[in-house]
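**Student:** sequence plus the predicted model coming up.
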Amino acid sequence: MVVDSALWAVEAATAIVVFRSFDPGGMGDADTWGALALAVLVGVIVRGGADAGTSLLDGVTVQRSDLSTRIADLGALGTGLVVGIGAVGLAAFAEWGASVAVVGMVALATEELLGIRSKRHSDDANQLADAQEAVVAGVADATVLQRASEAVLSMLDARAAVVSHSSGALLAVSSGVRTTPSCAIGPVIAQRAAGASSFLAAPDELSELRAIGDLEDGPLFVLSATVTSGVGDVTVVALRREADRSFSLGNRRLLQRLAPMVATAVEASDRLTRFQRQARFDELTGLPNRASIEASIVEVMAEVRPLERSMAVMLVDLNGFKAVNDTLGHQTGDVVLAEIGRRIGAAASAVDAVGRLGGDEFVVVVSNQDREALVSQVEEVSDELASVVGERIVHGDLVLDIGISVGMAVFPDHGDTPGELLRAADVAMYAAKAKGVHLLAYEGRLDRHRTRRLGLATDLRAALAAEQLEVFFQPKVAFEDGSLVGAEALIRWTHPTLHSVPAGEIVDVAEHAGLLCDLTDFVLDRAARQVVALRAVDCDVPIAVNLTERDIADQNLPDRYRRAIDAYGLDPGAITLEVTETALLTREVESLGVLPKMSEMGVTLAIDDFGTGFSSLSHLRRFPVDEIKIDMSFVERMVIRPNDAVIVRSIVELGHSLGLRVVAEGVETNESWNLLEEFGVDVAQGNHVMKAIDGDSFASWAPFWDRHRVARGSVSTPRLNAVPAVPDLVEDVTVEERAAQER
């Protein structure tokens, strides 16, 4: 104020000196008015120069970008002109100059008040801008609450400041920022009016906040504002002691303007944090994702390399999860994955890194001082993972059994980049899955097996399209009279360069290539064609076709079956469908929908490999099953293992009690035949009767067998002598198979 008054005096004195130097005349003289105008202009210019000079001396750079500042400058110019004219007039013409001077003084006082108000608004705007800049800077590093509390502390000259959000709260005091529970301020604020409120907190209120912030006992002035954002309520609070002045209306307006900025920044920070977490962590399991686990592998390699330590990458794949996903749906699959991810994360908490690679694959990274200790540690971790993952998972009425297959790759033997190590571990994992073991280390020969499988997938697709696969048929005969009661269709593939491809490998390749349904449709077609061929030689027996897990989960299976039999004008009972016991149980939900439809069509349904999937009486009663086939592993060993014989007898009794036909597959010897006949098994299938032969040979063999059986009357044991040797009808049998048959 003193400086401004001095500047006005300088302006007035300058104007008077200039005006008097022109020796002004009367009021009607044009030169007088010209001199007056020039004097005022020079005075204003001199005042402006003096104002700028004082600003420079104070080290202040004056910026005229703010609108309020510009308006103030215009007001100052107008006021200066009035004051200048009044002062000059007062000096030259006392009779009217006094009146003009009084008006100028009033204008000067008004301008000063306007300037003070403008400056206050400008200061508030600058404070808000600084606070906003500080808060926004906290978005990137998730320090919004800290920066906001510090800004409130400074902006409102508060004793303490709190910014509270659902994720937590931070208290800022002069000694620093401290974490405080959200409940420390929330209940007190909730009792007051919504929005911005100012009140006096009693000495017994805010006890938690006082303890954390070392605030003195006694009443506290509280100024708060709560804003609802997309991530919940954000509360900004400023506190002063009773000894300090209370918060003004201007303080309340400042907080009202700052609170929405803080809420917006909190929401942006929360969104950014979520995005950053999604970029590094798997949202479903909470474990590090592929990018993070690869980065962890690089870090561990960098640590172990100079120390010449060993490191292993374990790729963990879930066995049976695909069936859960396809059967129960992806939503249930996600629940199962989340639970398994939790178990794996807890079991592998002491390793170097653990994460989810994608799908049902997880990665565990282990390092150790030497190779032997590393292998031992990997085995321990693998056993622990197998144990925790294998614990039962209950879903409704189902108990899901999930296993694991683990492949291990060692750095630097099997690669020196995350990609190479993961690829090697992946190869070992698939080899472990194929061998039925839960842990296998990478070897170079496994790559050759994988290359073979990839090549076979392409060749199998072409072979199916060109109908180059073959279907062989193995007969089923009744124990009662030796009559032919059916046959099972078995896939065969003679590869152009790899020669005979095992049936199990064909199915495995088809599964990985997505060709299982195509393969089943091909076998259904060949089975239907074989039924027609057999009926042409007066042999009307059904042909059994094995269904895959994917087939019984396919709601289109009835239509696919109908197309196969309609193409040859057959009735639904012409083809029997066999479903493995384990597939039936893991596909229970879809099976309860698909298999009843098949049964209603008149299709005979059989459970294959019975005894390996922990079936119970309740399961059998829920499915429209007509036949059960005892797994060959029990049949082959029952002669030498009494326990297996007990199991076989129990299965026979169970099946008959339910009115089901019982078939024994894998009947290879006279001893097996005799024992099965004693147990009351209905049907036999195996090399003791006849090996699987091609369709044309089977169509010729069937009536030959029937004529031979009738000619001998009721076939008596030992059955081996009753089996006709038909070498000319089995040209496709290999030398090894023929030698085995002769033996």
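**Tutor:** Ah, there it is. Numbering: from 1, shown residues only.
**Student:** how about the strands of the stretch 301-450 of the chain, start to end?
**Tutor:** Listed in chain order, the strands found in the stretch 301-450 of the chain under DSSP state E, counting those that start in this stretch are 310-319, 353-358, 361-368, 393-395, 398-400, 403-411, 439-441.
**Student:** lowest-confidence stretch among the ones you listed?
**Tutor:** Of all these, the minimum mean pLDDT falls on strand 398-400 (a mean of 72).
**Student:** the longest strand in the protein is where?
**Tutor:** In the chain, taking DSSP state E as the definition, the longest strand is strand 484-495.
**Student:** now do the strands in the stretch 551-700 of the chain.
**Tutor:** For the stretch 551-700 of the chain, the strands defined by DSSP E, counting those that start in this stretch occupy 575-580, 605-610, 627-630, 661-665, 683-685, 693-694.
**Student:** could those go into JSON lines alongside distance to T235?
**Tutor:** For the C-beta atoms, the positions are set from N, CA and C on the backbone; glycine is no exception. Below are the strands of the stretch 551-700 of the chain laid out as JSON lines (distance: least, Cβ to Cβ, whole Å):
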{"stretch": "strand 575-580", "distance to T235": "61"}
{"stretch": "strand 605-610", "distance to T235": "64"}
{"stretch": "strand 627-630", "distance to T235": "68"}
{"stretch": "strand 661-665", "distance to T235": "73"}
{"stretch": "strand 683-685", "distance to T235": "77"}
{"stretch": "strand 693-694", "distance to T235": "82"}
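**Student:** compare those strands and say which comes out lowest on pLDDT.
**Tutor:** Among those, strand 605-610 scores lowest, at a mean of 86.
**Student:** partner strands of that strand, with direction?
**Tutor:** Partners of strand 605-610 in the sheet, by DSSP bridges, are strand 575-580 (parallel), strand 627-630 (parallel).
**Student:** among the ones you listed, which is nearest R529?
**Tutor:** strand 575-580 (10.8 Å; Cβ to Cβ).
**Student:** ok, and what's touching the closest one?
**Tutor:** When contacts are defined by Cβ atoms under 8 Å, 6 or more residues apart in numbering, strand 575-580 is touched by residues 486, 488, 524, 527-528, 531, 542-547, 549, 552, 561, 564-565, 591, 595, 598, 603-609, 613, 627, 629.
**Student:** quick one: the strands of the stretch 301-450 of the chain as a markdown table, columns for distance to I647 and mean neighbour count too.
**Tutor:** Output for these, formatted as a markdown table (distance: least, Cβ to Cβ, whole Å; neighbours: other Cβ atoms under 10 Å):
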| stretch | distance to I647 | mean neighbour count |
| --- | --- | --- |
| strand 310-319 | 24 | 24 |
| strand 353-358 | 40 | 22 |
| strand 361-368 | 36 | 23 |
| strand 393-395 | 27 | 13 |
| strand 398-400 | 22 | 16 |
| strand 403-411 | 23 | 24 |
| strand 439-441 | 29 | 21 |
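**Student:** narrow the contacts of strand 575-580 to those in helices?
**Tutor:** Per DSSP state H, helices hold the following members of the contacts of strand 575-580: L524, A527, A528, V531, E549, I552, Y561, A564, I565, S591, L595, M598.
**Student:** thought the first one was touching L557?
**Tutor:** It stands for L524. No. Applying Cβ atoms under 8 Å, one finds L524 not in contact with L557, separated by 10.1 Å.
**Student:** coming back round to it: export the strands of the stretch 301-450 of the chain to JSON lines and tack on distance to E384?
**Tutor:** Listed next are the strands of the stretch 301-450 of the chain as JSON lines, based on distance: least, Cβ to Cβ, whole Å:
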{"stretch": "strand 310-319", "distance to E384": "11"}
{"stretch": "strand 353-358", "distance to E384": "12"}
{"stretch": "strand 361-368", "distance to E384": "10"}
{"stretch": "strand 393-395", "distance to E384": "17"}
{"stretch": "strand 398-400", "distance to E384": "20"}
{"stretch": "strand 403-411", "distance to E384": "11"}
{"stretch": "strand 439-441", "distance to E384": "11"}
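**Student:** and those: which comes nearest R147?
**Tutor:** R147 lies closest to strand 353-358 among those, at 32.4 Å (Cβ to Cβ).
**Student:** so who does A606 touch?
**Tutor:** Going by Cβ under 8 Å, 6+ apart, A606 touches A544, T576, L577, E578, V579, V625, D626, E627, I628, K629, V663.
**Student:** in stretch 420-437, which residues are buried?
**Tutor:** 421-434 (16 or more other Cβ atoms under 10 Å).
**Student:** pLDDT averaged over that stretch - what is it?
**Tutor:** Averaging pLDDT residue by residue across stretch 420-437 gives 84.
**Student:** Q331: neighbouring residues, count only.
**Tutor:** 8 (other Cβ atoms under 10 Å).
**Student:** quick check, pLDDT for it.
**Tutor:** 79.
**Student:** what ranges in the stretch 51-200 of the chain fall below the confidence cut-off?
**Tutor:** Scanning the stretch 51-200 of the chain for pLDDT under 70 picks out 51-142, 166-179, 181-196.
**Student:** please enumerate the strands of the stretch 151-300 of the chain.
**Tutor:** 160-165, 168-173, 176-180, 196-201, 220-229, 232-241.
**Student:** make JSON lines from those strands and add distance to L328 to it.
**Tutor:** Formatted as JSON lines, the strands of the stretch 151-300 of the chain follow (distance: least, Cβ to Cβ, whole Å):
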{"stretch": "strand 160-165", "distance to L328": "38"}
{"stretch": "strand 168-173", "distance to L328": "38"}
{"stretch": "strand 176-180", "distance to L328": "43"}
{"stretch": "strand 196-201", "distance to L328": "52"}
{"stretch": "strand 220-229", "distance to L328": "38"}
{"stretch": "strand 232-241", "distance to L328": "34"}
